[in-house]
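**Q** I'll drop the sequence and a predicted model, then ask my questions.
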Amino acid sequence: MNKNEILKIIKTYGLAPNKKLGQNFLIDDTIIQKIIDVSQPDKKIILEIGPGLGSIADPLAAKAFLYSAIEIDSGFARYLQDVFKSFESVNIIHGDFLKCNLEDKFDIIISNLPYNSASEILFRIAKDFSAGAIFVMVQKEMGERIMSQPGSKIYGALAVTLSYYFNSKRLFYISGESFYPKPDVKSSFLKLTRKERYFKHRDHEDVFHLVVKSAFWGRRKTILKSLSESPHMELDRDRVKKILDLSEIKHDVRSEMLSLEEYIKLTEGVVGAKI
Ligand code: SAH
């Protein structure tokens, strides 16, 4: 797929790229081939979120056992349904991934994530699907935040939460030149490999999310202050002190210094303390 082909489809179908929906189409065949090589779609059940005009849909659908895609833009969905109408192993759904009710049956989920809703989409993939391998293109800066480690300036709720569900690896960078329209920023292509979920009860997992949200609600605070003054949870100061002692975490340490394991310990403390 190159820029001229994209422009031709847009013209023929009377479509218009919409900035709000993060519509930047991949037009670089070398990158497209790299994505196919690393994602190993052969005979797999694949979901693509936001296929756009199908830059990677064609090669994925050709190799997959089943290829499904969900696209929010009705014009793009109509175009792809038309292109793939005679393919029985292809299913193009017009809808919003954040509101959809798809069956959890995929081996691989792949997406060039729309910038505005990238973290929401990632959280939904994490919580509601069990696909073992997730491949995503994100803005470079977001990729760095996902991969960041405790103690780093950019480490926060995104890194902690995603590391609960996945091991993340950056496979390569993609320059703005590889997209049309050309975005101002670089992108990263990441592989997220699913881990076993530590908490077996969903309500404990919900507490974990509240603890992480609380820890980072006001940055640069101590963990004692963020947890006891959080607008997301009711925990009084003495109780937080006890939980921190139990978890062997110092009261004055800052939230951005704590590891996933420490957030898990804190959650166990909170669950034990019955919020
Ligand atoms: N995968 C294509 C297009 C990427 S642009 C390519 O790489 O060329 C991102 C796409 O996601 C757009 O087509 C946009 O319409 C779609 N999109 C944005 N939000 C969405 C949502 N909530 N659910 C499904 N698709 C969405």
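**A** Thanks, I have it.

**Q** only C-alpha atoms for contact and neighbour calcs from this point on.
**A** Noted.

**Q** Helix, strand or coil: sort out Ser230 for me.
**A** Following DSSP: H, G, I helix; E, B strand; the rest coil, Ser230 is assigned to coil.

**Q** I figured Leu244 was touching Val253, is that so?
**A** No - look at Leu244 against Val253 with CA atoms under 8 Å: they stay out of range, at 10.3 Å.

**Q** More neighbours: which of those two?
**A** The neighbour comparison of Leu244 against Val253 (other CA atoms under 10 Å) goes to Leu244, with 20 against 15.

**Q** How confident was the prediction at the more buried one?
**A** Note on Leu244: pLDDT of 97.

**Q** then the host helix or strand of it to PDB, C-alphas only?
**A** Taking DSSP states H and E as the definition, Leu244 sits inside helix 237-246. Provided in PDB are the C-alpha atoms of helix 237-246 (Å, rounded to 0.1, in the frame of the first residue of the first chain):
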ATOM      1  CA  ARG A 237      -3.800   7.400  57.500                       C
ATOM      2  CA  ASP A 238      -3.300   4.900  60.300                       C
ATOM      3  CA  ARG A 239      -4.600   2.100  58.200                       C
ATOM      4  CA  VAL A 240      -2.300   3.000  55.300                       C
ATOM      5  CA  LYS A 241       0.700   3.100  57.800                       C
ATOM      6  CA  LYS A 242      -0.100  -0.400  58.900                       C
ATOM      7  CA  ILE A 243      -0.500  -1.700  55.300                       C
ATOM      8  CA  LEU A 244       2.800  -0.100  54.400                       C
ATOM      9  CA  ASP A 245       4.600  -1.700  57.400                       C
ATOM     10  CA  LEU A 246       3.100  -5.000  56.600                       C
END
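
**Q** buried set for that helix?
**A** The neighbour-count check on helix 237-246 (16 or more other CA atoms under 10 Å) flags Arg239, Val240, Lys241, Ile243, Leu244 as buried.

**Q** Pull the distance from it to the chain's centre.
**A** Offset of helix 237-246 from its chain centre (CA atoms, centre = their mean, to the nearest Å): 33 Å.

**Q** for the residue of the stretch 151-275 of the chain found nearest the ligand, what are its contacts?
**A** The nearest approach of the stretch 151-275 of the chain to the ligand comes at Phe179, 7.4 Å away (CA to the nearest ligand atom). The neighbours of Phe179, taking CA atoms under 8 Å, 6 or more residues apart in numbering as the test, are Asn24, Phe25, Leu26, Ile27, Asp28.

**Q** Save these as JSON lines, and put in secondary structure and pLDDT too.
**A** Formatted as JSON lines, the contacts of Phe179 follow (DSSP: H, G, I helix; E, B strand; the rest coil; pLDDT from 0 to 100):
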{"residue": "Asn24", "secondary structure": "coil", "pLDDT": "92"}
{"residue": "Phe25", "secondary structure": "strand", "pLDDT": "94"}
{"residue": "Leu26", "secondary structure": "strand", "pLDDT": "96"}
{"residue": "Ile27", "secondary structure": "coil", "pLDDT": "95"}
{"residue": "Asp28", "secondary structure": "coil", "pLDDT": "96"}
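
**Q** Kindly identify which of those also come near the ligand.
**A** Asn24, Phe25, Leu26 (CA under 6 Å from any ligand atom).

**Q** just checking, Asp37 is part of a helix?
**A** Yes - assessed with three-state DSSP, Asp37 lies in a helix.

**Q** tally of neighbours for it?
**A** The burial count assigned to Asp37 is 11, neighbours taken as other CA under 10 Å.

**Q** And for Ser89?
**A** Counted with other CA under 10 Å, Ser89 comes out at 14.

**Q** For the spatially closest residue to it that is not a sequence neighbour, which residues are in contact?
**A** Spatial nearest neighbour of Ser89, chain neighbours left out: Leu66 (4.8 Å); criterion: CA to CA, 6 or more residues apart in numbering. Contact partners of Leu66, counting by CA under 8 Å, 6+ apart, are Lys43, Lys44, Ile45, Ile46, Ser89, Val90, Asn91.
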